[in-house]
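Novice: Mind folding the following:
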Amino acid sequence: MMDIRLADPNYRGLFNKRVHVWRVVFCASLLFVLTACGGGGSSEPEPPSAQPAPTPTTPAPPSTPAPSPVVEPNNKFATPQQTSRFLTMATFGPRLQDIEDLTGTSASAWMVDQFNAPTSEFLSEVQRYFEMGEPAQRSMLADAFDQGATTYTFWKNAVHGEDQLRQRMAFALSQILVVSNGSGGLNGIFPQTVGYYQQVLADNALGNYRDLLEAVTYTPAMAEYLTYLGNEKGDESTGRVPDENYSREILQLFTIGLVELNQDGTVVTDVEGNPVEVYDNNDITGLAKVFTGLNNPELDIQSSLVGRITRIRAAVLEPLLIDESKHEPGEKSFLDFTIPAGTQGEASIDMALDHIMAHPNVGPFVGRQLIQRFVTSNPSPAYVERVANAFDAGSYTLPNGEEVGDGRKGDLKATIAAILFDESIYIANALADDTFGKVREPVLRLSHFMRAFETDMTTPEYVFQFYDTSSLSVLGQHPYRSPSVFNFYRPGYKAPGTLSAEQGLVAPELQIVNASSIPGYINLLSYGALQSQRENFDNMRPVFIRFGANFDASRAQQTFIPNYADLLPLADDAEALVEYLDGLLLYNTLSESSKTALIDTLNAFAPSALTEAAGREALIGYAVLMLMSSPDYLVQR
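Specialist: Residues are numbered from 1 along each chain as shown. The predicted structure is shown next:
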């Protein structure tokens with residue numbers, strides 16, 4: 001297998017990616033069989049360089065800046081390398097055309113354009129997948145492709161959606177406000193349930209966090225997942241009490257966390273140095289009374305479903321209703337706040353969410369997690385504070401002087417702008433700081449590959465491998481299929497026994513990095529990089545036939561196939577090919593030792609194998625696979 005050795009002491013900490021290490025040995029026949037054997041030595045790493053290396057000249061990826069570049073302070077699009085790096089953080093991966101078109105323009109203007117871009121559809125696409133099959137051949141409790149519908153829609157939007165910033169924010173929020181279709185119930189049986197939730201996140205991703213919390217609270221998906229669907233007021237005669245699941249998680253995971261925070265995200269301690277807890281169980285039980293009465297009678301799947309399937313599918317597409325007869329009419333006290341007796345359900349929820357949002361923890365708590373999802377796992381306190389200030393103020397001034405945000409606390413436009421334009425992520429500052437960076441999460445590695453090589457993912461339903469990537473033997477991550485409300489990895493996770501943990505650094509994504517997920521990622525990437533779908537396009541045909549859907553063999557053969565046309569002229573020149581890929585995928589930060597090792601490996605190809613297009617594409621595929629599996633790539637800086 002491939003051993004990235006992220007915790008090796010020779011790396012000088014988890015995030016020092018200027019390493020003289022190449023942990024890949026390709027054995028047996030390099031041309032036809034890729035076998036990762038592990039092993040390899042290491043030497044002392046060199047200090048990171050603040051300046052990116054020059055891009056190759058033939059062909060030029062990315063192109064040189066426009067003749068009359070936009071004058072903007074600290075413009076993230078000043079050079080091709082800066083453009084590529086910024087888009088790596090802000091999108092599902094930069095495309096060569098994006099880098100060429102945007103270099104020399106205003107990054108501020110790009111962000112405003114992204115704010116105004118039409119929202120890609122989730123719900124209608126999920127419904128389209130449902131309607132692909134013949135009703136008579138569907139199971140009563142399954143759509144045409146089970147839960148594949150929400151997955152396929154995610155990948156289509158991630159790869160081809162023009163509202164990239166919104167899509168990335170929605171994905172980041174889905175890892176904080178977690179629901180999952182990995183189990184039974186409405187989320188596991190009716191894909192429209194999670195499809196509606198996906199649409200809610202996308203619609204609110206660049207709005208206000210307070211509004212998002214409200215919209216999420218009323219979704220059937222969240223109510224099902226955190227068990228407050230049909231939650232009833234307490235009954236002393238029977239001992240019944242309101243379900244506390246959502247009240248606990250909305251505080252612990254969605255808004256304020258467990259302990260008091262300073263504005264910079266550091267923990268407030270008492271005179272003895274112990275963290276100050278934000279709430280106790282009395283607050284949980286008091287808040288649980290707020291979320292009583294939320295229901296839709298059509299969503300009862302414990303009763304007979306005969307004749308009700310169509311009505312259930314319609315009900316999961318709408319916000320929940322409040323049954324006042326089941327809502328707690330008495331006082332509801334939590335976090336030093338009391339909602340008066342007699343307050344009805346909708347007003348109670350409004351008052352509760354307003355009070356929670358007013359808590360000083362929300363800005364640093366949410367802001368830090370968003371920084372982790374976009375930029376770095378261990379943001380400095382000063383960075384967290386600047387982002388929290390923008391979150392609280394609801395406004396941020398872009399480098400071009402334009403102000404974004406509506407001035408209300410929780411504005412997500414202001415928050416993401418503060419994250420992506422912060423001074424700490426300037427390339428010179430970042431590469432000089434060994435604690436700056438993050439392990440790239442598997443989903444973002446794959447989306448980067450797809451976008452960088454113009455991979456056609458308009459019909460992802462033809463690729464069997466994408467049906468479920470949640471297993472550690474595949475990726476250990478699958479959009480909207482987390483194993484728990486805590487996501488696939490915790491924001492405060494420290495890998496046991498590692499140098500990074502000894503230094504007090506968190507590394508969330510390392511929670512799913514192990515001996516299974518590493519080769520799992522490589523195998524799935526190799527399937528795409530080596531264009532295996534062309535030979536295995538029939539894998540999904542039985543599923544299509546089972547549900548009476550039309551199987552288009554030509555579409556199946558085109559899906560998940562990268563476009564290497566621009567790289568084919570470089571197949572005879574390993575150095576030029578590696579320089580090209582370095583510029584496209586790593587904004588020219590590939591370490592010299594890794595670059596040399598990759599070039600030497602590519603030069604081992606038999607020249608006779610490069611006389612045909614298939615051989616040249618195979619070499620390019622191996623180059624892509626090796627670079628995107630390297631330690632240099634696996635850590636984003």
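Novice: Quick check: phi and psi on Ile322?
Specialist: The phi/psi pair for Ile322 (degrees, to the nearest 10) reads phi -120, psi 120.
Novice: Nearest residue to it in space, please, no chain neighbours.
Specialist: Gly345 (3.6 Å; CB to CB, 6 or more residues apart in numbering). Using the backbone N, CA and C atoms, a C-beta is placed for each residue, glycine as well.
Novice: okay but the one you found is in contact with Thr292, surely?
Specialist: Yes: between Gly345 and Thr292 there is a contact under CB atoms under 8 Å: 7.4 Å.
Novice: Under the pLDDT cut-off, which ranges of this structure? List them.
Specialist: Residues of the chain meeting the criterion pLDDT under 70: 1-69, 134-147.
Novice: switch to 80 and redo it
Specialist: Scanning the chain for pLDDT under 80 picks out the ranges 1-71, 133-147, 183-184, 301-307.
Novice: the residue most distant from the middle of it, which is it?
Specialist: For the chain, the largest distance from the centre (CA atoms, centre = their mean) belongs to Ser237, which lies 46.7 Å off.
Novice: Now do the SS call for that one.
Specialist: Following DSSP: H, G, I helix; E, B strand; the rest coil, Ser237 is assigned to coil.
Novice: how many neighbours does Glu72 have?
Specialist: Using other CB atoms under 10 Å as the criterion, Glu72 is surrounded by 18 other residues.
Novice: which residues are common contacts for Gly345 and Thr292?
Specialist: Taking CB atoms under 8 Å, 6 or more residues apart in numbering as the contact rule, Gly345 and Thr292 both touch His327.
Novice: the more surrounded of the two?
Specialist: Counted by other CB under 10 Å, Gly345 and Thr292 do not tie: Thr292 has more neighbours, with 25 against 20.
Novice: how near is the more buried one to Gln465?
Specialist: 43 Å (CB to CB, to the nearest Å).
Novice: swap in Ile419?
Specialist: Using CB to CB, we find Ile419 at a distance of 32 Å from Gln465.
Novice: Show me which of those two is the more surrounded one.
Specialist: Neighbours per residue (other CB under 10 Å) separate Ile419 from Gln465, with Ile419 holding more: 28 against 19.
Novice: Surely that one is in contact with Ala388?
Specialist: No: with contact defined as CB under 8 Å, Ile419 does not reach Ala388; the gap is 10.8 Å.
Novice: and for those two, which residues touch both?
Specialist: Both Ile419 and Ala388 are contacted by Gly367, under the criterion CB under 8 Å, 6+ apart.
Novice: Could you pull out the helices in the stretch 451-600 of the chain for me?
Specialist: For the stretch 451-600 of the chain, the helices defined by DSSP state H, counting those that start in this stretch occupy 499-502, 517-529, 541-546, 553-558, 574-586, 592-603.
Novice: Same question for the stretch 151-300 of the chain.
Specialist: Using DSSP H, counting those that start in this stretch, helices in the stretch 151-300 of the chain cover 164-174, 185-189, 191-204, 209-217, 220-225, 245-252, 281-288.
Novice: Could you check the angle the third one makes with helix 209-217?
Specialist: With axes from the mean of the first three to the mean of the last three CA atoms, to 10 degrees as the basis, helix 191-204 and helix 209-217 are set at 170 degrees to each other.
Novice: For helix 191-204, name the packing helices and strands.
Specialist: When contacts are defined as 3 or more CB pairs under 8 Å, 6 or more residues apart in numbering; DSSP states H and E, helix 191-204 sits against helix 123-130, helix 148-160, helix 164-174, helix 185-189, helix 209-217, helix 220-225.
Novice: most packed of these?
Specialist: helix 220-225 (a mean of 27; mean count of other CB atoms under 10 Å).
Novice: contacts for that one?
Specialist: Here helix 220-225 makes contact (CB under 8 Å, 6+ apart) with 177-180, 185-187, 193-194, 196-197, 216, 229, 246, 294-296, 299, 315-316, 318, 320, 485.
Novice: One more: stretch 256-269?
Specialist: The contact list for stretch 256-269 (CB under 8 Å, 6+ apart) reads 251-252, 275-279, 356, 359-365, 367-368, 379, 381-382, 384-385, 388-389.
Novice: at 7 Å instead, please
Specialist: Contact with stretch 256-269 is made by 252, 275-278, 356, 359, 361-362, 364-365, 368, 381-382, 384-385, 388, as judged by CB atoms under 7 Å, 6 or more residues apart in numbering.
Novice: Which parts of the stretch 401-550 of the chain are strands?
Specialist: Here the stretch 401-550 of the chain has its strands, by DSSP state E, counting those that start in this stretch, at 403-404, 438-439.
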